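Asks: just a sequence and a predicted model for now, questions to come.
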Number of protein chains: 4
Amino acid sequence: MIRIGIIGAGRIGKVHLESITYHVKNAVVVAVADPFMNEETERFIRSMGVEEVYKDYKEIINHKEIDAVLVCSSTDTHASISIEAIEAGKHVFCEKPVDHSLEKIQAVADALAAHPGCRFQVGFNRRFDHNFAAVRRAFDEGRIGQAHILKITSRDPEPPNPAYIKVSGGMFLDMTIHDFDMACFLTDSDVEEVYVQSAVLVDPAIGEQGDVDTAIITMKMANGALAVIDNSRRAAYGYDQRAELFGSKGMAATANDTLSTAVISDATGVTGEKPLFFFLERYMESFSEEMRQFVDACENGKDVPVGIHAGMQSVKIGLAARKSVEEHRPVKISELD
Amino acid sequence: MIRIGIIGAGRIGKVHLESITYHVKNAVVVAVADPFMNEETERFIRSMGVEEVYKDYKEIINHKEIDAVLVCSSTDTHASISIEAIEAGKHVFCEKPVDHSLEKIQAVADALAAHPGCRFQVGFNRRFDHNFAAVRRAFDEGRIGQAHILKITSRDPEPPNPAYIKVSGGMFLDMTIHDFDMACFLTDSDVEEVYVQSAVLVDPAIGEQGDVDTAIITMKMANGALAVIDNSRRAAYGYDQRAELFGSKGMAATANDTLSTAVISDATGVTGEKPLFFFLERYMESFSEEMRQFVDACENGKDVPVGIHAGMQSVKIGLAARKSVEEHRPVKISELD
Amino acid sequence: MIRIGIIGAGRIGKVHLESITYHVKNAVVVAVADPFMNEETERFIRSMGVEEVYKDYKEIINHKEIDAVLVCSSTDTHASISIEAIEAGKHVFCEKPVDHSLEKIQAVADALAAHPGCRFQVGFNRRFDHNFAAVRRAFDEGRIGQAHILKITSRDPEPPNPAYIKVSGGMFLDMTIHDFDMACFLTDSDVEEVYVQSAVLVDPAIGEQGDVDTAIITMKMANGALAVIDNSRRAAYGYDQRAELFGSKGMAATANDTLSTAVISDATGVTGEKPLFFFLERYMESFSEEMRQFVDACENGKDVPVGIHAGMQSVKIGLAARKSVEEHRPVKISELD
Amino acid sequence: MIRIGIIGAGRIGKVHLESITYHVKNAVVVAVADPFMNEETERFIRSMGVEEVYKDYKEIINHKEIDAVLVCSSTDTHASISIEAIEAGKHVFCEKPVDHSLEKIQAVADALAAHPGCRFQVGFNRRFDHNFAAVRRAFDEGRIGQAHILKITSRDPEPPNPAYIKVSGGMFLDMTIHDFDMACFLTDSDVEEVYVQSAVLVDPAIGEQGDVDTAIITMKMANGALAVIDNSRRAAYGYDQRAELFGSKGMAATANDTLSTAVISDATGVTGEKPLFFFLERYMESFSEEMRQFVDACENGKDVPVGIHAGMQSVKIGLAARKSVEEHRPVKISELD
């Protein structure tokens, strides 16, 4: 039984709490800490059977009974809290991105090198999505052959509020970072070079924050494959999350998930359901699965499925993408070393 | 909080136990009883946090702390145990079919009439399936118009073993009974007449038991709609569960659920996944939902979504279907009164 | 080069004329006759390069240069004109149904027996439809295994006018007759027994003509398979033509054809195109293909793909279906012998 | 009635000949010329009812009875023959690309300016494809809103032979040129900038010719939309031709066409048909439709649907794409002016 402390009780912290309580065996949440803890949040936490609720995350770092820490706090604290937890002898599950600064991510990597027993997993939950996992499985089984072209479509149903955009690090480090990780996962390869063609088409307010809301991102993978991601901050029909891997022997492609398979035919056409609304609906099962595999890694000394290398890579690609926009040219990932 | 006792710890009893433990709020399983209780089953029950485990179901009937009883025992005991539970002042969730005998079902109905506070729900879980519920919703919203033709396809991935067939009451009372209930649910109407064309095409051993394994069942609904069910005990590609409601304004049709939306295109064709394997996979979420609604009915004094009328109707249709096979003619449901 | 005369210049006669002119090699239409020939029709016929236009069909029967006759006149004249043409030494393509009377069809069969060189084909064009042909091909290739259940959905976009219904012989002999032939074609078997559950749900005026507009027709095939057809005279979303053959090894199922594959996703849902409007749109290519095969049979002495047996069978099933409605019981086809 | 002369009796010349003969009203092919005319080709031409067959294309240019000339000769002769035909007072349908040289295309444009009565159409047949036309129609109807992202997938079933690649001008001017035109057509906009990430993944022999066989091409459209094309010279599952236009109000997306809608479900999965084999199968109807519209423009003095601007634009984009590969940077189309 792995005893878990959660730091950060925002949306994703609550998702993990509920997920562990209902869907993960061999794990129990012992304590939750959040500096902005309020009554409603505390009530929710207690309804999940958690008895210890704190404001100070140090209560969790220093907790004798806790085996693993979930770092679900704000992005700027991910790296430092992770390092504290690693040094306190805890396993760590850190939400994405590990940080916006490569130096800070390197500091986490260094801490891990000094604590080889520590299981450190990054929260790239989409690797555990049933659809994307099926594409990777087809690739692993050799049904696609050598990877030639990867296409990822990733569009949100609505943009975040402008205040969030300011602190988010911009679309590439906040939203596309998942797609960068998917590109690496689905082709089983690192990225070598990135080029971005982007625009502000959804909301001028996003442009005023210095960010973009629409982009096509081309990448050259280390294994020779080409990859392309298309992003929009607002798809009128909902959360659009698809991938297509094309190779020498064939192609695997996914469609969106829907609430039901029902299709209605009437005088206006043949109409099916829109995609599931947003990431909580679409990826709910993947949050449970990433946690099950993290708990399994902690309990049985296995390798984590998404380690610090993935955490570092995705941020490097994100920074290279920003540079590509600024300098309007293809940027090699190695330029960031 | 509704305190539940489960009678019968076979496959479906375990499904409900796990479902209530993980997916139903405001309910807790207090005790489980099964005459064939063994160590493995007991271990499973205890792992769900249940402390009281019995062989004798009377321990549950007489339990002072229990509000509601789940009758998951063998079919021939459903009616008598239900009556005992009703008379002991419990709410009752009874698995389908309530019984094979209309007299015994009537006895349950009589007991309910004498205990108007009792919530009695029949386990027709498919009413809570996301796909079928979407068809009914479209119908309720008037998008289909007046119902003209209902088509249900219901095919199992493999036949039960011959020993089970003997006690099951035959395909119509065991397997098709769900489809009979679906026909009533999706058209919001009772059945008036039934005609069966059937055959033994899957396995001669089934015919030797006096049963059939393939059937097309035509029904005239009380609201004037026509309905057809096609059944097979073995679909090579897995569990095939579809419905299509056609009316004056349009049609709602469902497809099977699959593990993922991934489609692989290669030199051999464009291939998607097979349907989810069997009822535990396909209908898992519906088992949770029927229990949530039962608990809600018990706790808040609401009407149950599937009452004794549905339990009686479905068996009447099943018996009429058997009669149609024997006498090779359309049979009115009223002939069974 | 086969020289063709067409008798009857109504809708289907024009379809064959255009089809032969543009899509059939080795055939030329030499003459067209129609008792109601008018200027507009004549102009159309001449625009197809046909020089001989008559009112009297005898001009075609007695035409020295004509090898083959297309009988596209009104149903009540099909049999007698066919016999005249056969006896005049012509090959004959006869529209469906050959007649409503089994005696008259038998008379055609007798004439054919006396003229063994005559190629006589019945206009069951759906056998040449790309979708249904693909189902039959899968069956022939053994991919379905032994046939267990055949399902045909056949729904018109709108009912014919009441005047037509009177002379049409009713829904079973006019509309369903195609589906009866499809049932035989797709299972490669004759029909043994038929049972109909029908209703008047689309338009009371149809009922006043003594006909029905909605039906579910169950059949037992000679090879042991079960089959079901569902018919409606009005589908709000258009012409619905699907088939599904289920067997011991798998299932082949078709969807409707559409004008394009374009799907529009917006705030209201994910919407594709409705089925092609009606039989002229959906089956256009099949009209060319049946004619190509007829011409090939005439020119090269091959067997026709749809002979008098199919013409007889389909009418027998239609008459049995009518009897089933009248007597409200399953009717064996052998009862009609 | 438009009298047509065809110059060039290769594959595409024959397609147009058959198309006009069978599917285009108000047009007749009077003569065909080809310097490599052989017996087999001549036989085919005569079987289409054409009486004049020449080796020298001048016979057509100087033909008194010919209204319109189809330039289906080798690419290097397109421009000069077009100019000769224009100056001889003929309407001209010119196969794509008009030329590889912008100067020569400009010379054609100059000739057209001097002959304002001349109808000059470029052979971008995909604009007349039912699927792509449906996307454009949805856009024109305002159902997509403002265009944000256009995605085109265009993959051939197999690469051309190396000898052809040498003279073809490379993948961008030979194959992608259709996709460049589609990008302009589907967004109703010119291209402003292009960036190419490409590779040789299909066949090293293609690389040895100095060409690429796999590419992702990003474009910025003049109307602000972003566009991406992915190309491969070999898709194992066949000819893959899809487009997806995403905008402020929704998305229109197409799937590939198939020979039938039949889907086979068996123990191995749920398998549909592969895309139609190659461009002759997939785009056959579009070849007829472009010709119908060309004939209509000639006969009724209407504007042609695809004029010299489209012919010029597509080649400019292709040349910019080549430059992007050579210089590994985004290239503005205006750099080519």
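Replies: Ah, there it is.
Asks: chain A against chain B: which residues are in contact?
Replies: A:22-23, A:130-131, A:133-135, A:138, A:143-144, A:249-257, A:259-267, A:273 (CB under 8 Å from any CB of the partner chain). (Glycine included, C-beta is placed from N, CA and C.)
Asks: and these, which of them are in strands?
Replies: Among these, the ones falling in strands (DSSP state E) are A:250-253, A:263-266.
Asks: I'd like to know which of the residues of chain A next to chain B are buried.
Replies: A:23, A:130-131, A:133-135, A:138, A:143-144, A:249-254, A:256-257, A:260-266, A:273 (16 or more other CB atoms under 10 Å in any protein chain shown).
Asks: chain center to stretch A:325-337: distance?
Replies: Mean C-alpha position of stretch A:325-337 versus that of the full chain (CA atoms, centre = their mean, to the nearest Å) differs by 23 Å.
Asks: got the CA positions of that stretch in PDB?
Replies: Provided in PDB are the C-alpha atoms of stretch A:325-337 (Å, rounded to 0.1, in the frame of the first residue of the first chain):
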ATOM      1  CA  VAL A 325       7.900  32.200 -33.800                       C
ATOM      2  CA  GLU A 326      10.200  35.100 -32.600                       C
ATOM      3  CA  GLU A 327      12.800  34.500 -35.300                       C
ATOM      4  CA  HIS A 328      10.500  33.100 -38.000                       C
ATOM      5  CA  ARG A 329      12.800  30.200 -38.900                       C
ATOM      6  CA  PRO A 330      13.200  26.500 -38.100                       C
ATOM      7  CA  VAL A 331      15.000  26.000 -34.800                       C
ATOM      8  CA  LYS A 332      17.100  23.000 -33.800                       C
ATOM      9  CA  ILE A 333      16.500  21.600 -30.300                       C
ATOM     10  CA  SER A 334      20.200  21.400 -29.900                       C
ATOM     11  CA  GLU A 335      20.300  25.200 -30.100                       C
ATOM     12  CA  LEU A 336      18.900  25.200 -26.500                       C
ATOM     13  CA  ASP A 337      21.600  23.100 -25.000                       C
END
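Asks: give me the mean pLDDT for that stretch.
Replies: The pLDDT scores in stretch A:325-337 average 96.
Asks: do stretch A:101-119 as well
Replies: Here the average pLDDT along stretch A:101-119 is 97.
Asks: follow-up on the earlier one: need the ones in strands among the residues of chain A next to chain B in JSON lines (columns: distance to chain D).
Replies: Shown next, in JSON lines, are those (distance: CB to the nearest CB, whole Å):
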{"residue": "A:Gly250", "distance to chain D": "5"}
{"residue": "A:Met251", "distance to chain D": "7"}
{"residue": "A:Ala252", "distance to chain D": "11"}
{"residue": "A:Ala253", "distance to chain D": "10"}
{"residue": "A:Val263", "distance to chain D": "14"}
{"residue": "A:Ile264", "distance to chain D": "18"}
{"residue": "A:Ser265", "distance to chain D": "15"}
{"residue": "A:Asp266", "distance to chain D": "18"}
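Asks: state the pair within those residues that is farthest apart.
Replies: A:Gly250 and A:Asp266 (36.3 Å; CB to CB).
Asks: quick one: the helices in the stretch 101-250 of chain A, in order.
Replies: A:102-114, A:130-140, A:162-168, A:171-174, A:176-187, A:204-208 (DSSP state H, counting those that start in this stretch).
Asks: pick out the shakiest of the ones you listed, pLDDT-wise.
Replies: Looking at these, the weakest mean confidence is helix A:162-168, a mean of 84.
Asks: list the buried ones in it?
Replies: A:165, A:168.
Asks: got the contact list for it?
Replies: A:74-75, A:159-160, A:174, A:205-206, A:208-209, A:211 (CB atoms under 8 Å, 6 or more residues apart in numbering or on different chains).
Asks: name only those of those that count as buried.
Replies: A:75, A:159, A:174, A:206, A:209, A:211.
Asks: show the contacting residues for the closest residue to A:Thr75 other than its chain neighbours.
Replies: Excluding the flanking residues, the one nearest A:Thr75 by CB to CB, 6 or more residues apart in numbering or on different chains is A:Pro97, at 6.3 Å. By CB under 8 Å, 6+ apart, the contact set of A:Pro97 is A:75, A:78, A:169, A:173, A:177, A:311, A:314-315, A:318.
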